[in-house]
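A.B. asks: fold the stuff below for me.
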Amino acid sequence: MTVLVAYASKHGATAEIAERVASTLSAAGRAAEAHPVDAVGDLTGYEAFVLGSALYYGHWLKPLTSFVRNHSEELATRPVWLFSSGPLGTETTEPDGHEKVDEAEFAELEDLRKTAHARDHRAFTGVLDPERLTVLERTIRRLPAGRRLLPAGDFRDWAEIDGWAGEIARDLSRASPGSSQPGD
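C.D. replies: Predicted coordinates:
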């Protein structure tokens, strides 16, 4: 059986995180494949799901939220993990003092966690490559606060991403038939 890592990515950074999660799961002995959520068809052959989306303006991208809602019955029968990609920069707190990861507590999170029966949600810092931005996004970056709010750079913590994928692999191994459970 295989783990599906399905994602919604606007500029490719979330896709790269999903591919890394799938690669780390595979290296840990769990067959895994990453696919854009729009390319996912039948879910029958998957033992578990890792679902991730980029965050824009406090929301997941629509294709991923629709996927979770449209496949809620199937997701409820297998292990599910969620991740978000989005906060930018190396600072962990905003100037007003709140934690940047709080930004990843997007509007739909609780509903999607319940709908998917998700075991966990992780927020990972993202990437901003000015060359990949739309005209509107480049215009926003030109505003006085734009560069502060949208710093350019790759802020992903690959060790953190690998560690989380490793936790998923260990959790799946403990739950697999024939594996020893704690206390056995």
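A.B. asks: going by C-alpha atoms from here, please, whenever you check contacts or count neighbours.
C.D. replies: Fine.
A.B. asks: helices along the chain, start to end?
C.D. replies: Using DSSP state H, the helices assigned to the chain run over residues 13-27, 62-70, 72-75, 109-116, 135-142, 146-149, 158-175.
A.B. asks: identify the residues contacting the first one?
C.D. replies: Just to be clear, that refers to helix 13-27. 3-9, 31-34, 36, 52-54, 84-85, 126-127, 161-162, 165-166, 168-169 (C-alpha atoms under 8 Å, 6 or more residues apart in numbering).
A.B. asks: out of the helices of the chain, the one nearest Thr44 is which?
C.D. replies: Nearest to Thr44 among the helices of the chain is helix 72-75; the distance by C-alpha to C-alpha comes to 8.5 Å.
A.B. asks: pLDDT on the closest one, on average?
C.D. replies: Mean pLDDT, computed over helix 72-75, is 94.
A.B. asks: please apply the same query to stretch 51-58.
C.D. replies: Rounded mean pLDDT across stretch 51-58 is 86.
A.B. asks: so which bits of it are buried?
C.D. replies: Leu51, Gly52, Ser53, Ala54, Leu55 (16 or more other C-alpha atoms under 10 Å).
A.B. asks: stretch 35-54 too?
C.D. replies: His35, Pro36, Val37, Tyr46, Glu47, Ala48, Phe49, Val50, Leu51, Gly52, Ser53, Ala54.
A.B. asks: now tabulate those residues in a markdown table and tack on distance to Glu131.
C.D. replies: As requested, the buried residues of stretch 35-54 are exported to a markdown table (distance: C-alpha to C-alpha, whole Å):
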| residue | distance to Glu131 |
| --- | --- |
| His35 | 24 |
| Pro36 | 22 |
| Val37 | 24 |
| Tyr46 | 36 |
| Glu47 | 38 |
| Ala48 | 35 |
| Phe49 | 32 |
| Val50 | 29 |
| Leu51 | 26 |
| Gly52 | 23 |
| Ser53 | 21 |
| Ala54 | 17 |
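A.B. asks: give me the subset of these lying in strands.
C.D. replies: His35, Pro36, Tyr46, Glu47, Ala48, Phe49, Val50, Leu51, Gly52, Ser53, Ala54 (DSSP state E).
A.B. asks: from those, which single one is nearest Thr65?
C.D. replies: Ser53 (8.7 Å).
A.B. asks: kind regards, and thank you for your time.
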